[in-house]
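Enquirer: Give me the fold of what follows.
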Amino acid sequence: MDSTRIAEGALEAFIVEVFTRLKVAGHVAALAARSLLDASLMGIDSHGIEALDMYVTHLKSGGLSPNNEPARITGHGGAGLWDMRHGMGLAGARTTMEHAIREAQDNSIHLATCRNANHLGACGVYAKMAADAGMIGIVSQQTMASISPWGGPDVRVGASPVAFAAPVENGFPFLFDAGMAAITRHQVKACRHKGWTLPKGVALDAQGEPTQDPEKAWTGQLMPIGAHKGVGLAMALETLSCILSGNRLSTDIASIVDHSEESAGSGIVVMVIDPAAVMPMDDFGKRMREYVDHVESSTPRDPADPPRYPGRREGEYWRNRKQEGIPVSAEALQRFGEIAISLSVRKPSFVPTPHMDRAPQGSRPI
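Expert: Down below sits the predicted model:
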């Protein structure tokens, strides 16, 4: 895919200005921009800056309340209930994670369950915040129903993406980030726009028949990972993000792509664990280093594609893109131009950076 490298700072300034022109408060816009940029820096392009137009449309259509910030309703010590108030999930999830980190420092562990949330982007962005603070982070967001109960014909359960992050001594955090479906709706949306067929076995059409047509998959359903096990894991995650928070069920959540005038109104769960509660902090980081080194020491089947711990690839993208700029697809650049014109904002410019020919290509698998 053709792409142009743009410096992180130029993209950040552009995104913040776009959001502020849409009446988002400056500090909220800065938090939201940071979440999109961090996803792109890790190679999670589908949930990073390439998705900017989705949030712009959501703001313009009124489904996203620009300055409704999270409010803590109740809880104490190790747990709390939050109302995200239909505000910017990209910002509210950062605020909630920052609070959970502070609480875990005092109480060893903290769980925040949240209702009335909008799309937060990549869960791994927020789990990494905990790992960067020396803690274990777990984040999951309830999504619209896209998976049927195993043995049932109609969708009842969301794909519930979940991220788990932990610090690794002298390395990028361990970071696992995945949904409970075999493909994300973001990926189906991208295939719709590009005219690509889907991989086999990832989706069903509205009649419950296997399909590789992204248009039919969009109105159909996604296949769970691991058959019935994926459905069970998705339900377990919804128990924490939806049931515990008092949020509405996934079958009552609308697609913000098809219905941008509505809030996603989903649930989120954030958990932070302080390893220092059970062992010296340095020991945990060292043990994680030993663990990932042990896993990566496995003899590769293909020397060109050796075993990597979850987070290794993201760390490679992070270092490269920090230095050489973030690749932006030709399609996204066109959308940025349209956004800039509509809001009278200057479009970010291409900034040549050294060693661009050696930059990694593509995006990290989701």
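Enquirer: all strands of the stretch 51-200 of the chain, in order?
Expert: 71-76, 79-83, 109-117, 136-141, 145-147, 157-158, 162-166, 174-178 (DSSP state E, counting those that start in this stretch).
Enquirer: Kindly format the C-alpha coordinates of the fourth one as CSV.
Expert: The reference is to strand 136-141. Output of strand 136-141 as CSV, limited to C-alpha atoms (Å, rounded to 0.1, in the frame of the first residue of the first chain):
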residue,chain,number,x,y,z
ILE,A,136,0.1,-5.0,34.8
GLY,A,137,-2.8,-3.5,32.7
ILE,A,138,-5.9,-5.1,31.4
VAL,A,139,-8.5,-3.3,29.3
SER,A,140,-11.5,-4.5,27.4
GLN,A,141,-14.4,-2.7,25.6
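Enquirer: how about it: buried residues?
Expert: Within strand 136-141, the residues scored as buried using 16 or more other C-beta atoms under 10 Å are 136-141. Placement of C-beta: from N, CA and C, glycine included.
Enquirer: For the nearest residue to H47 once chain neighbours are set aside, the count of nearby residues, please.
Expert: Spatial nearest neighbour of H47, excluding adjacent residues (C-beta to C-beta, 6 or more residues apart in numbering): A122 at 4.0 Å. Neighbour count of A122, defined by other C-beta atoms under 10 Å: 29.
Enquirer: Just confirm F176 contacts P161, I think it does.
Expert: No: with contact defined as C-beta atoms under 8 Å, F176 does not count as touching P161 (10.8 Å).
Enquirer: In terms of neighbours, single out the busier of these two.
Expert: Shown here are F176 and P161; by other C-beta under 10 Å, P161 has more neighbours (26 against 16).
Enquirer: now stretch 239-248, how far from the chain's geometric center?
Expert: Distance of stretch 239-248 from its chain centroid, counting by C-alpha atoms, centre = their mean, to the nearest Å, is 19 Å.
Enquirer: quick revisit: out of the strands of the stretch 51-200 of the chain, the one nearest E103 is which?
Expert: Smallest distance to E103 across the strands of the stretch 51-200 of the chain (C-beta to C-beta): 3.8 Å, for strand 109-117.
Enquirer: name the helices or strands packed onto the closest one?
Expert: strand 79-83, helix 89-107, strand 266-273 (3 or more C-beta pairs under 8 Å, 6 or more residues apart in numbering; DSSP states H and E).
Enquirer: And these: which comes nearest I147?
Expert: Smallest distance to I147 across the helices and strands packed on strand 109-117 (C-beta to C-beta): 14.9 Å, for strand 266-273.
Enquirer: Just the C-alpha atoms of the helix or strand just after the closest one, please, in PDB.
Expert: Note on strand 266-273: by DSSP states H and E, the next helix or strand toward the C-terminus is helix 281-296. The C-alpha trace of helix 281-296 is given here as PDB (Å, rounded to 0.1, in the frame of the first residue of the first chain):
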ATOM      1  CA  MET A 281       9.300  -4.400  41.300                       C
ATOM      2  CA  ASP A 282      12.800  -5.000  39.800                       C
ATOM      3  CA  ASP A 283      12.300  -8.800  40.200                       C
ATOM      4  CA  PHE A 284       9.100  -8.700  38.200                       C
ATOM      5  CA  GLY A 285      10.600  -6.900  35.300                       C
ATOM      6  CA  LYS A 286      13.600  -9.300  35.300                       C
ATOM      7  CA  ARG A 287      11.300 -12.300  35.400                       C
ATOM      8  CA  MET A 288       9.300 -11.000  32.500                       C
ATOM      9  CA  ARG A 289      12.600 -10.500  30.600                       C
ATOM     10  CA  GLU A 290      13.700 -14.100  31.400                       C
ATOM     11  CA  TYR A 291      10.200 -15.400  30.300                       C
ATOM     12  CA  VAL A 292      10.000 -13.600  27.000                       C
ATOM     13  CA  ASP A 293      13.700 -14.500  26.200                       C
ATOM     14  CA  HIS A 294      12.800 -18.200  27.000                       C
ATOM     15  CA  VAL A 295       9.800 -18.100  24.600                       C
ATOM     16  CA  GLU A 296      11.800 -16.400  21.900                       C
END
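Enquirer: Could you tell me which residues within the helix or strand following helix 281-296 count as buried?
Expert: For helix 281-296, the succeeding helix or strand toward the C-terminus, using DSSP H and E, is helix 312-324. If you call a residue buried by 16+ other C-beta under 10 Å, then helix 312-324 has these buried ones: 312-318, 320-321, 324.
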